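Colleague: Just the structure for this:
(4 chains)
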Number of protein chains: 2
Amino acid sequence: MSPDEARRRPPTAQQFVLTELRRAITTGRLRPGAPIRQDALAEELQVSRVPLREALKTLEGEGLVTHQAHKGYCVVTLSLDDLREVYRIRHLLEEEAVRRAVALLTDADLARLEAAQEEVERAAAAGDVLAMTTANRTFHMTLFDCSGMPRLTRLIRTLWDTTDAYRSMYYGDAGNRERVIKEHRATLDALRRRSADEAVATLDVHRDHAVAELEPLLDA
Amino acid sequence: MSPDEARRRPPTAQQFVLTELRRAITTGRLRPGAPIRQDALAEELQVSRVPLREALKTLEGEGLVTHQAHKGYCVVTLSLDDLREVYRIRHLLEEEAVRRAVALLTDADLARLEAAQEEVERAAAAGDVLAMTTANRTFHMTLFDCSGMPRLTRLIRTLWDTTDAYRSMYYGDAGNRERVIKEHRATLDALRRRSADEAVATLDVHRDHAVAELEPLLDA
DNA sequence: TCCGTGTATTTTGGATCCAATATTGAAAAT
DNA sequence: ATTTTCAATATTGGATCCAAAATACACGGA
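Modeller: Next up is the predicted model:
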């Protein structure tokens, strides 16, 4: 048997809880603003409250949940200002990451990016929203990882996490899925020609479209 | 009696542990690279291991300590590359924060900044290294807070935390303390004239000096 | 002498139990 | 009817205890 068939439970309960909580938040099972009842969640996940609380602490560090002493944890609700701020910071950090990545980009990296893009298109064709979000994420993170700046990449990843709760809504729209594919292709094209400026520009457009679509969703 | 005399212990043990751990790391009592023995630390701080571990989880999220499953926590050691990366990211984020701050800067803000600077000069004159680091931090964070971008400020604060373990070494040198004061004055001057470009430039110099001083310290 | 192996000890991860705080709801006073 | 007070309940924070993993170490073999 292959070692990674049928994803095993991670070596520690907190890691298991962590991935489960992420999924619950990104898929919307835990709504933004909803309080997190530790006892119920722990029972549902078949663990005690200790690893659950440690997982929540890391999620708090990532800005996915908030915590008030003696009151508990809540899934964060992003205000419009929050959303714009997150995307502004992403703009700054991702530009740096992309420029570094282009400078270091190997053919092997490009091949990986193209494979990621194929996965995105497959998911879009199937209309699988969840697969689409994860494939899209993989595409971008693969690029950022090429920057050779692990801390920068980690920060960007955290910023993505912050808006994950809303991303699934975004990909629910078929038009958005179509456009994402086109924009990715433009980015890939710029990368193949090692044009940092164009790659940055295409990704800026990509991001701006996303935030424009997300903004109305946040009023409700 | 005033409500905040003789700083009370925080309302929860983890918050208490958190500030204690920060101090231990920044003052060097916990050396970079040192493993963190939970049992000993918990006993020393007179708490159980549960709040200690939750505090460590938040420190992990801030990048002050690392964690390996079943092996435990360690105070992070910054490599030269790490240091340069952290300062590069700070460069990007702080420029944005300063530009926004200048755009919004009120006279009251300026007064607070000048007060903070006085505190820095007082600490420098007294040769109090610890007071100097905290006063310097207050000066910069006061400015960043004026940006009106709380998440951005939080990220910057986290990046500062990352190098706190080395900052005290930096301020141990009298020449560095002198120069910091001059550079702050130049920044204040630019801020009074609402010149974002100059403020950014002076802070860039400020930062570059710090990283140049810190680099040799990291080889040992 | 060096290396592998198996056991003892240490240390971390997790579960249960208890304490402290917050929330809810009902009764009483205005 | 509205508000205040106080008790009952629910929920979080923390301590202790147990299990699992990793490390240290002694022993035996080449």
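Colleague: C-alpha from now on. contacts and neighbour counts both.
Modeller: OK.
Colleague: what does chain A have sitting close to chain B?
Modeller: A:11-12, A:50, A:53-54, A:57-58, A:60-62, A:69, A:82, A:85-86, A:89, A:92-93, A:149, A:151-152 (C-alpha under 8 Å from any C-alpha of the partner chain).
Colleague: so of those, which ones are in strands?
Modeller: With DSSP state E as the criterion, strands contain none of the residues of chain A next to chain B.
Colleague: Name all residues that make contact with the residue in chain A that chain B sits nearest to.
Modeller: Across chain A, the shortest distance to chain B (C-alpha to the nearest C-alpha) belongs to A:Gly61, at 5.1 Å. Applying C-alpha atoms under 8 Å, 6 or more residues apart in numbering or on different chains, we find A:Gly61 in contact with B:58, B:61-62.
Colleague: what's the neighbour count on the closest residue in space to A:Arg207 that isn't next to it in sequence?
Modeller: Spatial nearest neighbour of A:Arg207, chain neighbours left out: A:Tyr87 (7.6 Å); criterion: C-alpha to C-alpha, 6 or more residues apart in numbering or on different chains. Around A:Tyr87 there are 20 other residues, counting by other C-alpha atoms under 10 Å in any protein chain shown.
Colleague: which one of the contacts of A:Gly61 is nearest chain A?
Modeller: B:Gly61 (5.1 Å).
Colleague: for chain A, what spans make up the strands?
Modeller: So, for chain A - with DSSP E - the strands run A:35-36, A:65-68, A:72-75.
Colleague: Point to the residue nearest the middle of chain A.
Modeller: The residue lying closest to the centre of chain A (C-alpha atoms, centre = their mean) is A:Trp160, at 4.2 Å.
Colleague: Okay, it and A:Glu94: tell me how far apart.
Modeller: 11 Å (C-alpha to C-alpha, to the nearest Å).
Colleague: A:Val86 and B:Arg154, how far apart?
Modeller: Counting by C-alpha to C-alpha, the gap from A:Val86 to B:Arg154 is 12 Å.
Colleague: What residues does chain A have near DNA strand C?
Modeller: When proximity is defined by C-alpha under 7 Å from any atom of the strand, chain A lies next to DNA strand C at A:12-15, A:46-51, A:70-71.
Colleague: Let me know whether A:Leu218 touches A:Asp82 as I believe.
Modeller: No - A:Leu218 lies out of contact with A:Asp82 (C-alpha atoms under 8 Å); the separation is 10.3 Å.
Colleague: between these two, which one's more packed in?
Modeller: A:Asp82 (16 against 13).
Colleague: Check that one and give its pLDDT.
Modeller: With respect to pLDDT, A:Asp82 has a value of 93.
Colleague: Please apply the same query to A:Ala212.
Modeller: At A:Ala212, the predicted lDDT confidence score is 93.
Colleague: With A:Gly63 instead?
Modeller: In this model, A:Gly63 is scored at 89, pLDDT.
Colleague: what's the burial count for it?
Modeller: 17.
Colleague: Check the gap between the closest residue in space to it that isn't next to it in sequence and DNA strand C for me.
Modeller: The shortest distance from A:Gly63 to any non-neighbouring residue, by C-alpha to C-alpha, 6+ apart, is to A:Thr162 (6.0 Å). Distance of A:Thr162 to DNA strand C, given as C-alpha to the nearest atom of the strand, to the nearest Å: 24 Å.
Colleague: Do I have it right that A:Thr162 meets A:Leu64?
Modeller: Yes - using C-alpha under 8 Å, A:Thr162 is in contact with A:Leu64, at 5.4 Å.
Colleague: of those two, who's got more company?
Modeller: Taking other C-alpha under 10 Å, A:Thr162 and A:Leu64 do not tie; A:Leu64 has more neighbours (27 against 23).
Colleague: Low-confidence ranges, chain A, go.
Modeller: A:1-8, A:220 (pLDDT under 70).
Colleague: Might you report the residue contacts of the residue nearest to A:Leu203 when sequence neighbours are not counted?
Modeller: The spatial neighbour of A:Leu203 that comes closest, neighbours along the chain excluded (C-alpha to C-alpha, 6+ apart), is A:Thr187 at 6.7 Å. Applying C-alpha under 8 Å, 6+ apart to A:Thr187 gives the contacts A:198-199, A:202-203.
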